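In: okay, sequence plus prediction incoming.
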Amino acid sequence: MAEAPTDAVLPILVKIQEGIAALRAEVGQFRQDDRAEHERMESLIRKQRRDAAGRLVMMRATASDFDERVSEVEERIAALEARTT
């Protein structure tokens, strides 16, 4: 046991204050990291939407071209059938 009584309240409060300051710094860093990750995901989502829209346009163009070619073949077949009958 110590010879003279000591006041432990002040050191305890200082440690608590240091812990709170460290926690605030960690929370601030977490928020920055979280914002950066959120912005990265939003950017990726926008890119994927643009890519999907582009694929949709390409699919429609391909389907339209295919339909046009099938129609041409059908017309040729009809013309050939008309000649032979």
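Out: In hand now; what should we look at? Residues are numbered from 1 along each chain as shown.

In: all helices of this structure, in order?
Out: Secondary structure of the chain, counting by DSSP state H: helices at 9-84.

In: need the residue closest to the centroid of it.
Out: Nearest to the geometric centre of the chain sits residue 41, at 3.1 Å (C-alpha atoms, centre = their mean).

In: tell me the pLDDT of that residue.
Out: On the pLDDT scale, residue 41 is placed at 97.

In: how far away is it from residue 57?
Out: Distance, residue 41 to residue 57, by C-beta to C-beta, to the nearest Å: 25 Å. The C-beta positions use only the backbone N, C-alpha and C, and glycine is treated the same way.

In: point out where this structure drops to low pLDDT.
Out: Scanning the chain for pLDDT under 70 picks out 1-5.

In: residue 79 and residue 67: what is the separation?
Out: Going from residue 79 to residue 67 by C-beta to C-beta gives 19 Å.

In: swap in residue 57?
Out: According to C-beta to C-beta, residue 57 stands 16 Å off from residue 67.

In: and what of residue 14?
Out: 79 Å.

In: what's the answer for residue 42, then?
Out: Residue 42 is 38 Å from residue 67, where distance means C-beta to C-beta.

In: and residue 15, by the same measure?
Out: 77 Å.

In: ok, now residue 32?
Out: 53 Å.

In: then residue 58?
Out: Counting by C-beta to C-beta - residue 58 and residue 67 are separated by 15 Å.

In: now residue 54
Out: 20 Å.

In: ok, now residue 84?
Out: 26 Å.

In: so which of those two has more stuff around it?
Out: residue 67 (10 against 6; other C-beta atoms under 10 Å).

In: look up how far residue 60 lies from the more buried one.
Out: 10 Å.

In: next: residue 43.
Out: Using C-beta to C-beta, we find residue 43 at a distance of 27 Å from residue 60.
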